[in-house]
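Trainee: coords below, sequence missing:
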């Protein structure tokens with residue numbers, strides 16, 4: 001194996017590892033936000049034309065199952081997917097929404113964890129568009145991060161004063177940095 005091939009596989013393995021790590025972080029953040037919502041809040045749209053957290057979860061799960069089922073061998077937009085239906089209000093059944101959500105994430109993470117570094121250079125398609133597997137992963141990282149941001153924003157909106165920060169709380173950066181042994185020049 002040439003030195004360039006070794007470096008490429010090291011980079012590719014690192015990319016896969018970090019993509020999985022980031023996606024697991026997105027899921028953790030969304031799960032923490034979702035856990036702060038009552039059943040009623042989970043199914044509440046905060047404005048006309050907006051989606052409830054449950055609808056966003058439903059869309060993400062549908063997208064995940066479509067994109068990550070047979071990722072390397074079939075178009076990411078499956079014939080069995082009904083994307084428009086994902087944006088319809090869902091039955092007020094928290095357990096059903098959470099089960100679908102978990103199934104989508106399981107499909108995504110199982111597929112990513114099964115990929116080999118050399119798979120990243122393979123050609124895949126999403127809605128007939130040809131792209132490299134690594135680009136398909138980046139595309140989905142962007143897509144899911146935007147929806148997780150929506151989930152967090154809506155959950156924070158609905159929780160109001162009861163909201164528990166998911167990261168460093170407001171006006172707590174200095175305390176956090178000190179607890180981690182980091183001192184800023186701007187103290």
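Mentor: Thanks, I have it. Computed from a prediction, not measured in an experiment: that's the story for all the values here.

Trainee: For residue 76, give me the pLDDT.
Mentor: The score at residue 76 is 96. That number is its pLDDT.

Trainee: Okay, and the beta partners of the nearest residue to it once chain neighbours are set aside?
Mentor: Excluding the flanking residues, the one nearest residue 76 by CB to CB, 6 or more residues apart in numbering is residue 126, at 3.8 Å. Bear in mind the C-beta positions are built from the backbone N, C-alpha and C, glycine included. Going by DSSP bridges, residue 126 is paired in beta bridges with residue 129.

Trainee: OK, contacts around residue 126?
Mentor: For residue 126, the contacting residues are 67, 75-77, 136, 139, by CB atoms under 8 Å, 6 or more residues apart in numbering.

Trainee: pull the helix or strand with minimum mean pLDDT from the protein.
Mentor: The weakest-scoring helix or strand in the chain, judged by mean pLDDT, DSSP states H and E, is helix 173-179 (a mean of 77).

Trainee: For it, name the packing helices and strands.
Mentor: Packed against helix 173-179 by the contact rule (3 or more CB pairs under 8 Å, 6 or more residues apart in numbering; DSSP states H and E) you find no helix or strand.

Trainee: so how far is that helix from its chain's centroid?
Mentor: Taking CA atoms, centre = their mean, to the nearest Å, one finds the center of helix 173-179 at 28 Å from the center of the full chain.

Trainee: Likewise for stretch 170-187?
Mentor: On CA atoms, centre = their mean, the centre of stretch 170-187 falls 29 Å from the chain's centre.

Trainee: Contacts for that stretch, please.
Mentor: The contact list for stretch 170-187 (CB under 8 Å, 6+ apart) reads 165, 168.

Trainee: quick revisit: now intersect the contacts of residue 126 with the helices, please.
Mentor: Counted as lying in helices by DSSP state H, out of these, are 67, 136, 139.

Trainee: who's in contact with residue 46?
Mentor: Counted by CB under 8 Å, 6+ apart, residue 46 has contacts 154, 157-158.

Trainee: any low-confidence regions in this structure?
Mentor: 1-8, 176, 184-187 (pLDDT under 70).

Trainee: For the lengthiest helix in the chain, buried residues please.
Mentor: Ranked by number of residues, the top helix in the chain under DSSP H is helix 3-35. Of the residues in helix 3-35, those buried by neighbour count under the rule 16 or more other CB atoms under 10 Å are 8, 12, 16, 19-20, 23, 26-27, 29-34.

Trainee: Tell me the helix or strand right after it.
Mentor: Next along the chain after helix 3-35, taking DSSP states H and E as the criterion, comes helix 39-42.

Trainee: any idea which helix or strand carries the residue nearest the centre of the chain?
Mentor: Residue closest to the average C-alpha location in the chain (CA atoms, centre = their mean): residue 144, at 3.8 Å. Applying DSSP H and E as the criterion places residue 144 in helix 133-159.

Trainee: need the contact list for the residue nearest to residue 155 when sequence neighbours are not counted.
Mentor: Leaving aside its chain neighbours, residue 155 sits nearest to residue 33 (3.9 Å; criterion: CB to CB, 6+ apart). Residues near residue 33 by CB under 8 Å, 6+ apart: 53, 151-152, 155-156, 166.
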